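> predicted model, plus sequence, below.
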Amino acid sequence: MKLKTLLLALLLSISLSVSADCYDGDDFNDCLNKAQQGSAYSQYLVGYSYHIGRGVSKDFNKAAYWYKKAAKNQNAVAQNHLVLLSI
């Protein structure tokens with residue numbers, strides 16, 4: 001149990017430090033457009049937005065969809081967040 005808590009804290013700290021970039025001058029729709037064009041980083045950020053409800057309603061199914069797309073494009077943080085969704 002302590003390992004899960006430690007892993008969760010580590011992943012959240014990584015994601016919080018990474019997630020702000022998409023919103024520096026861009027809104028969710030800009031991120032979504034970039035994600036649809038294949039940007040793994042934007043795919044992760046769209047998933048993260050759905051995961052926590054940032055700019056959109058929380059939707060774990062949509063979060064998983066975008067995390068999977070980003071993970072297939074080698075985004076390690078998205079791969080970790082897929083694990084978090086399954087815990």
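Sure, I can see it.
> excluding its backbone neighbours, what's nearest I52?
Distance criterion Cβ to Cβ, 6 or more residues apart in numbering; nearest residue to I52, sequence neighbours excluded, is K58 at 7.0 Å. For the C-beta atoms, the positions are set from N, CA and C on the backbone; glycine is no exception.
> element containing that neighbour, please.
Using DSSP states H and E, K58 sits in no helix or strand.
> now do the same contact list for it.
Shown in contact with K58 (Cβ atoms under 8 Å, 6 or more residues apart in numbering): 50-52.
> so which of those residues belong to helices?
50-52 (DSSP state H).
> out of the residues you listed, which end up buried?
Listed as buried from the ones in helices among the contacts of K58 are 50-51; burial here means 16 or more other Cβ atoms under 10 Å.
> now, which of the ones in helices among the contacts of K58 sits nearest L82?
Closest approach between the ones in helices among the contacts of K58 and L82, by Cβ to Cβ: H51, at 10.2 Å.
> now do that closest one against L45, distance only.
According to Cβ to Cβ, to the nearest Å, H51 and L45 sit 10 Å apart.
> is the closest residue to D27 other than its chain neighbours in a helix, a strand, or coil?
Leaving aside its chain neighbours, D27 sits nearest to G55 (7.0 Å; criterion: Cβ to Cβ, 6+ apart). Classification of G55 by DSSP: H, G, I helix; E, B strand; the rest coil places it in coil.
> same list (the contacts of K58) but as a markdown table, adding pLDDT.
Compiled in a markdown table, the contacts of K58 are given as follows (pLDDT from 0 to 100):
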| residue | pLDDT |
| --- | --- |
| Y50 | 94 |
| H51 | 93 |
| I52 | 91 |
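> and those residues, which is closest to N80?
H51 (11.7 Å).
> ok, the closest one touching L85?
Yes - between H51 and L85 there is a contact under Cβ atoms under 8 Å: 7.2 Å.
> find residues that contact each of these two.
By Cβ under 8 Å, 6+ apart, the residues touching both H51 and L85 are 60, 63, 67.
> buried sites along the host helix or strand of the last one?
By that I understand Y67. Taking DSSP H and E as the criterion, Y67 maps to helix 60-72. Within helix 60-72, the residues that qualify as buried are 62-64, 66-67, 69-71, counting by 16+ other Cβ under 10 Å.
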